[in-house]
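Peer 1: Structural data only, the sequence is not supplied:
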């Protein structure tokens, strides 16, 4: 990162590079490794599991780049090591830095990562850089269609769903919105909170409603003077304290965590409910492809998905029962974040931030 450059500016340059000049390994080792890995990643023979375990044990270690915090990723890697006897080398940072490191290393000819697990837009950028490979897992059968992009170079293993959250002491049951239009009711003016960086949700909503109706709705919402807050975790805390009576863009797992601690909060999924995918993908040039694929399998397995649920995240698999994903939902297309970010950031800023720069929640 150049001195003075923001994470967002680096992120945008990487996204632009990913969309215009995909990285292609030109050395013989890289091409051969990618071809070997690709053949194995798509193998569906009856002896797949035996080959996978044998190869992973020989490799001995799997290198993982993730944005999942260590408090939540720790139990997953510990369970993986205990089950398979394969060590994990985990590097954790923000989703932007996961993308930055993977691209930087690959452009320098250093292929150190076996599997990546982070936000959908960054995974899509890694796909555009040709750093991910299509793979098969027997656990795909348990996943909803929304977990799969068309190219299948990454697969959603967990979701962040945008719902409304409310403080039950501040909002009467009869005043809880049943539709998004209800957010415009005069008695909620000044009581509704929005996360200041949720421009991809804004874009997805306008796409769903249609440009004219969508922008009309958001202009009316802006006229109610919503409270703008930075950070979904902070919004959950303000909701719990009652300082924020109602949040229109909060993750349901954040509300659930507060409710488990005894806070007077509830959440509700309105139609449409949009989610951000967080995904797992295997590296095209992985030095330990068997171990990488084994870890991806584990993340998507009922056991791995149960661990995701246990830390109050939202598992993608339908094999795990949880109210956090038991409703109709739509996925925010990561392409919106990659290719239309400037447009929606500018519109959002004009509507809700008095022209200030949009700061994304990290």
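Peer 2: Nice, I can see it. Because the structure is a prediction, the values reported are computed rather than measured. Residues are numbered from 1 along each chain as shown.
Peer 1: how near is the spatially closest residue to residue 147 that is not a sequence neighbour to residue 266?
Peer 2: The spatially closest residue to residue 147, leaving aside those adjacent along the chain, is residue 156, at 3.9 Å (C-beta to C-beta, 6 or more residues apart in numbering). (C-beta placed from N, C-alpha, C; glycine too.) From residue 156 across to residue 266, the span is 26 Å (C-beta to C-beta, to the nearest Å).
Peer 1: In terms of neighbours, single out the busier of those two.
Peer 2: residue 156 (24 against 20; other C-beta atoms under 10 Å).
Peer 1: Let me see the mean pLDDT of stretch 136-144.
Peer 2: For stretch 136-144, the mean pLDDT works out to 98.
Peer 1: measure that stretch end to end?
Peer 2: Terminal residues of stretch 136-144 lie 15 Å apart, using C-alpha to C-alpha, to the nearest Å.
Peer 1: what is residue 277 paired to in the beta sheet?
Peer 2: Counting by DSSP bridges, residue 277 forms beta bridges with residue 159.
Peer 1: for residue 165, which residues make a bridge with it?
Peer 2: Residues in beta-bridge contact with residue 165 (DSSP bridges): residue 247, residue 267.
Peer 1: Contacts only, for residue 344.
Peer 2: 199, 200, 202, 203, 206, 336 (C-beta atoms under 8 Å, 6 or more residues apart in numbering).
Peer 1: hang on, it in a helix?
Peer 2: Yes - the assignment for residue 344 by DSSP: H, G, I helix; E, B strand; the rest coil puts it in a helix.
Peer 1: Would you check how far apart it and residue 203 are?
Peer 2: Taken as C-beta to C-beta, the span from residue 344 to residue 203 is 4 Å.
Peer 1: who touches both of the two?
Peer 2: Applying C-beta under 8 Å, 6+ apart, one finds that residue 344 and residue 203 are jointly contacted by residue 336.
Peer 1: Could you break this structure into its assigned domains?
Peer 2: 7-159+276-322, 160-275+334-352 (automatic domain parsing).
Peer 1: neighbouring contacts of the helix or strand hosting residue 237?
Peer 2: Take DSSP states H and E as the rule and residue 237 turns out to sit in helix 232-241. Identification of contacts with helix 232-241 by C-beta under 8 Å, 6+ apart yields 165-167, 193, 195, 229, 244-247, 249-251, 254-255, 257-258, 261, 263-265, 361.
Peer 1: and if you look at stretch 332-341?
Peer 2: 12, 15, 18-19, 120-121, 123-125, 128, 149, 199-201, 203-204, 207, 274-277, 344.
Peer 1: can you do 7 Å?
Peer 2: 15, 19, 120-121, 124-125, 200-201, 203-204, 274-276 (C-beta atoms under 7 Å, 6 or more residues apart in numbering).
Peer 1: quick one: residue 78 from residue 307, how far?
Peer 2: From residue 78 to residue 307 the distance is 9 Å (C-beta to C-beta).
Peer 1: What of residue 231?
Peer 2: Taking C-beta to C-beta, one finds residue 231 at 25 Å from residue 307.
Peer 1: I am assuming residue 190 contacts residue 228, so please confirm or correct that.
Peer 2: No - contact between residue 190 and residue 228 fails when scored by C-beta atoms under 7 Å: they sit 11.8 Å apart.
Peer 1: returning to what we had before: looking at the domains of the chain, which is nearest to residue 328?
Peer 2: domain 160-275+334-352 (6.9 Å; C-beta to C-beta).
Peer 1: got the residue ranges for the helices in this structure?
Peer 2: 7-20, 28-41, 48-59, 70-84, 95-107, 120-128, 199-209, 211-223, 232-241, 252-260, 289-300, 302-310, 334-339, 341-352 (DSSP state H).
Peer 1: mind listing what's buried in the third one?
Peer 2: When neighbours are counted by 16 or more other C-beta atoms under 10 Å, the buried residues of helix 48-59 are found to be 48, 52, 53, 55, 56, 59.
Peer 1: what do you get for the fourth one?
Peer 2: Of the residues in helix 70-84, those buried by neighbour count under the rule 16+ other C-beta under 10 Å are 72, 73, 76, 77, 80, 84.
Peer 1: Turn those into TSV, including distance to residue 137 and pLDDT.
Peer 2: Converted to TSV, those look like this (distance: C-beta to C-beta, whole Å; pLDDT from 0 to 100):
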residue	distance to residue 137	pLDDT
72	21	93
73	19	95
76	16	97
77	18	97
80	15	98
84	15	97
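Peer 1: Out of these, which comes closest to residue 102?
Peer 2: residue 73 (16.9 Å).
Peer 1: Now do the helix holding residue 237 against helix 252-260, angle only.
Peer 2: Helix 232-241 and helix 252-260 are oriented at 40 degrees to each other (axes from the mean of the first three to the mean of the last three C-alpha atoms, to 10 degrees).
Peer 1: What mean pLDDT does helix 232-241 get?
Peer 2: In the prediction, helix 232-241 has an average pLDDT of 95.
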